[in-house]
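Student: Quick one, fold the following:
(one chain, ligands or ions: 3)
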Amino acid sequence: MSNPVNTENGSLRRGTIVRGVGSFYTVTDAAGESYTLRCKKKFRHQHMTPLPGDEVLFSPGSGEEHGWLEEILPRKTLCLRPPVANVERLVIVLAPVPEPDLLLTDRIISRALAQDMQVAIAVNKTDLGAGLAEQMAEEYAGAGIPVFPVSAALKTGLEPLRAWMSSALSCLTGQSGAGKSTLLNALLDLRLQTGEMSRKISRGKNTTRHAELIEKNGLRVIDTAGFNLLEAEKDLQPEKLKERYPEFLPYEGRCRFRECLHDREPGCAVTAAAEAGEINALRVSRYRQLLEETRTVWRDRYG
Ligand SMILES: Nc1nc2c(ncn2[C@@H]2O[C@H](COP(=O)(O)OP(=O)(O)OP(=O)(O)O)[C@@H](O)[C@H]2O)c(=O)[nH]1
Ligand SMILES: [Mg+2]
Ligand SMILES: [Zn+2]
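Tutor: Ligands and ions are numbered 1, 2, ... in the order given. Prediction:
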């Protein structure tokens, strides 16, 4: 990264958005200097929302004056949920409590793989039991998704996860209360705010409200607010969904029908593989749930 950058706008600096709160953005440059910036109106006209992880050009303010965000550089990846840019390695954090929603997990994976992100699952709170980590390793091995059992509370299992995250901009996502912020605190010796689980409903309470990029100990990682729902994708063709399941790949072209969507078609090689235990049957059954939903949304998209 070179600083400053010459563009048609004159002499601008380059940096990364680490956080945005209200209409203010915090940007750090390559030297680690931090700047408070406001967003120019033109972004709103272009329907561009600056996001944590964005590489930007900016004019710094002077003294107490804030500066201006001038340009968002082309994004490598874009997540709308959580809203972050340029993430290359996504860590989905699951835990025995709150009860993991694997359909939600598969939705997140599907969207991440569609953008060529690398995905891993961190099973946190292994101090409460090792069963979930074993189950996840079994369900997701076929998709090539590594599963890292960790306990943020006991600080165990952290090194392999840290190694996986360390080579690119990474992001922790997943249900509220799974322990993303606690895990990041353990990985980076930080003190991010963490929350209690709601006792009544055994669900997280959205302690983290804003995504924040943190750079420390060789990691560049974004902690995000948890969520429990992910709305269906509006522009996904039903035929494309299967391409986001790496474990189906070896069976493509082996079904009786060339157009097979691996739903309930006769002579489906994926069905046969699931029955033979070569592909995880739970992943296949959740795929069919998502396929059904994708069909409905696609059919009704102009309605
Ligand atoms: N037993 C146990 N509890 C943990 C562990 N990690 C986190 N917790 C607890 O889980 C609760 C939620 O932790 P957070 O780190 O705030 O969860 P989060 O995923 O960041 O939640 P949001 O910010 O709401 O999305 C807190 O009460 C933590 O103390 C762990 O490894 N073991
Ligand atoms: Mg949090
Ligand atoms: Zn098939």
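Student: so Pro246 touches Gly144, yeah?
Tutor: Yes: the criterion here is C-beta atoms under 8 Å, and Pro246 meets it with Gly144 at 5.1 Å. Where you see a C-beta, it was placed from the backbone N, CA and C, and this is true even at glycine.
Student: higher neighbour count, these two?
Tutor: Using other C-beta atoms under 10 Å as the criterion, Pro246 and Gly144 rank with Pro246 on top: 15 against 12.
Student: List the contacts of that one.
Tutor: Taking C-beta atoms under 8 Å, 6 or more residues apart in numbering, we find Pro246 in contact with Leu113, Gly142, Ala143, Gly144.
Student: do that again at 6 Å, thanks
Tutor: Contact analysis of Pro246 by C-beta atoms under 6 Å, 6 or more residues apart in numbering lists Ala143, Gly144.
Student: Now do the SS call for Leu161.
Tutor: helix (DSSP: H, G, I helix; E, B strand; the rest coil).
Student: before we move on, what SS does the residue of the chain most remote from its centre have?
Tutor: Distance from the C-alpha centroid of the chain, by C-alpha atoms, centre = their mean, peaks at Gly63 (36.4 Å). Counting by three-state DSSP, the backbone at Gly63 sits in coil.
Student: can you pull out the strands in the stretch 151-300 of the chain?
Tutor: According to DSSP state E, counting those that start in this stretch, the stretch 151-300 of the chain carries its strands in the segments 169-173, 212-216, 219-223.
Student: what does the model give the residue nearest to Gln118 when sequence neighbours are not counted for pLDDT?
Tutor: Using C-beta to C-beta, 6 or more residues apart in numbering and skipping the chain neighbours, the partner closest in space to Gln118 is Arg89 (4.7 Å). On pLDDT, Arg89 comes in at 97.
Student: what's the answer for the one 4 residues further on, then?
Tutor: Each residue has a pLDDT score; the one for Val93 is 98.
Student: which residue sits closest to it, ignoring its sequence neighbours?
Tutor: That would be Gly174: by C-beta to C-beta, 6+ apart, it lies 4.0 Å from Val93.
Student: now the strands of the stretch 151-300 of the chain as JSON lines including mean neighbour count, mean pLDDT and distance to ligand 3?
Tutor: Below are those laid out as JSON lines (neighbours: other C-beta atoms under 10 Å; pLDDT from 0 to 100; distance: least, C-beta to the ion, whole Å):
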{"stretch": "strand 169-173", "mean neighbour count": "25", "mean pLDDT": "96", "distance to ligand 3": "30"}
{"stretch": "strand 212-216", "mean neighbour count": "18", "mean pLDDT": "92", "distance to ligand 3": "41"}
{"stretch": "strand 219-223", "mean neighbour count": "23", "mean pLDDT": "95", "distance to ligand 3": "37"}
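Student: Can I get the ones you listed in CSV including distance to Arg81?
Tutor: Compiled in CSV, the strands of the stretch 151-300 of the chain are given as follows (distance: least, C-beta to C-beta, whole Å):
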stretch, distance to Arg81
strand 169-173, 8
strand 212-216, 16
strand 219-223, 13
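Student: Quick check: which of those is nearest to Pro96?
Tutor: strand 169-173 (17.6 Å; C-beta to C-beta).
Student: neighbouring contacts of that closest one?
Tutor: Residues outside strand 169-173 that contact it (C-beta under 6 Å, 6+ apart) are 82, 84, 86-93, 180, 220-224.
Student: So for the protein, the centremost residue is which one?
Tutor: Note on the chain: the residue nearest the mean C-alpha position is Leu90, at 4.6 Å, using C-alpha atoms, centre = their mean.
Student: what about the residue nearest to Asn280 when sequence neighbours are not counted, which helix or strand?
Tutor: Once flanking residues are discounted, Asn280 sits nearest to Glu139: 4.9 Å by C-beta to C-beta, 6+ apart. Following DSSP states H and E, one finds Glu139 within helix 131-140.
Student: is whatever helix or strand comes next after that helix up against ligand 1 anywhere?
Tutor: Downstream of helix 131-140, the first helix or strand assigned by DSSP H and E is strand 147-149. No: Strand 147-149 does not reach ligand 1 (C-beta under 6 Å from any ligand atom); its nearest approach is 10.4 Å.
Student: Show me what strand 147-149 is packed up against.
Tutor: strand 118-123, helix 131-140 (3 or more C-beta pairs under 6 Å, 6 or more residues apart in numbering; DSSP states H and E).
Student: if we go to 10 Å?
Tutor: Counting contacts by 3 or more C-beta pairs under 10 Å, 6 or more residues apart in numbering; DSSP states H and E, strand 147-149 packs against strand 89-94, strand 118-123, helix 131-140, helix 158-165.
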